[in-house]
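1. kindly return the folded structure for what I paste below:
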Amino acid sequence: MPEGRSVLVTGADRGIGRAIAAAFVAAGDRVVGTYRTGRPEDVPEGALAVQADVTDTTSVDAAFTRAEEAHGPVEVLVANAGVTRDALLLRATDDDFAAVLDTNLGGAHRCARRAAKGMVRLKRGRIVFIGSVVGLYGSPGQTSYAASKAALVGMARALTRELGGRGITANVVAPGYIHTAMTDALSESQQEVYQKAIPAGRFGEVDEIAGVVAFLASDAAGYISGAVVPVDGGLGMGH
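-> Numbering: from 1, shown residues only. Below you'll find the model as predicted:
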């Protein structure tokens, strides 16, 4: 088997997920990057693009099987795929709430469960959930998104207690406002308002998230598990 670890990153065709997948490729790892409705060519060069829907157990299993066939058992899982259906509470629908929870939380659970099969046999593994500052800091109009991201903390800590003795860690990276297509679409005045609330005085960059994920997946982070690492310029102040 070639050098480098077998890594699977969900939602690797854009934004933070794409930067994370690219960072692992640059480090010499063997990477599968999943995409749901985008284009395979949007997954970083050097990564194997695999279509997957994290809300579907069969699709998740197929993606992991493809990764195992190409690169061996997955040693690093980054559960990044997520959606938002923002609405004020009184206007929120049951369907929107269920869709956000099923993708952001259910999807992470499906991927972690499937990854754990190989990691337990290997007696090592790294699971990194991409949460959000919103999960612990809160944000109006984002009850479903905040709930889904906050729940990842409980999941990571339960997995730490369940799998920690087998050399497997589970952590959450909680980004704040990051330069992506979503923040770029905000008006200049809106961006100024948000930036004033951030002690660092700026939005973060996707590579700054990728760097923290890479560290948590490294040997140097072998004694870190069940942690929430904010990458938010001080916005959440460790909430």
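2. in the chain, spot the strand with the most residues.
-> In the chain, with assignment by DSSP state E, the single longest strand is strand 168-175.
3. tell me how far that strand lies from the chain's centre.
-> Counting by Cα atoms, centre = their mean, to the nearest Å, strand 168-175 is centred 8 Å from the centre of its parent chain.
4. roughly how far apart are the closest residue in space to Thr180 that isn't next to it in sequence and Ala21?
-> Spatial nearest neighbour of Thr180, chain neighbours left out: Gly15 (4.3 Å); criterion: Cβ to Cβ, 6 or more residues apart in numbering. Placement of C-beta: from N, CA and C, glycine included. As judged by Cβ to Cβ, to the nearest Å, Gly15 and Ala21 stand 11 Å apart.
5. what of Gly106?
-> Gly106 is 22 Å from Ala21, by Cβ to Cβ.
6. dump the residue contacts of Ala63.
-> Contacts for Ala63 (Cβ atoms under 8 Å, 6 or more residues apart in numbering) come out as 8, 32, 34, 50-52.
7. picking that back up, which other helices and strands does the longest strand of the chain contact?
-> Secondary-structure packing of strand 168-175 (3 or more Cβ pairs under 8 Å, 6 or more residues apart in numbering; DSSP states H and E): helix 107-122, strand 125-130, helix 143-163, helix 206-216, strand 228-231.
8. buried stuff in the first one?
-> Judged by neighbour count using 16 or more other Cβ atoms under 10 Å, the buried positions of helix 107-122 are 107-112, 114-116, 118-119, 122.
9. how far does the helix or strand of the chain at the bottom of the mean pLDDT ranking sit from its chain's centre?
-> When the helices and strands of the chain are scored by mean pLDDT, DSSP states H and E, helix 181-184 comes last with a mean of 78. Taking Cα atoms, centre = their mean, one finds the center of helix 181-184 at 18 Å from the center of the full chain.
10. kindly report the same for stretch 61-76.
-> The chain centroid and the centroid of stretch 61-76 are separated by 17 Å under Cα atoms, centre = their mean.
11. distance of the spatially most central residue of the chain relative to Glu3?
-> The residue lying closest to the centre of the chain (Cα atoms, centre = their mean) is Asn80, at 2.4 Å. Using Cβ to Cβ, Asn80 is found at 24 Å from Glu3.
12. got it, and Thr84?
-> From Thr84 to Glu3 the distance is 38 Å (Cβ to Cβ).
13. so between these two, which is more surrounded?
-> The neighbour comparison of Thr84 against Glu3 (other Cβ atoms under 10 Å) goes to Thr84, with 18 against 7.
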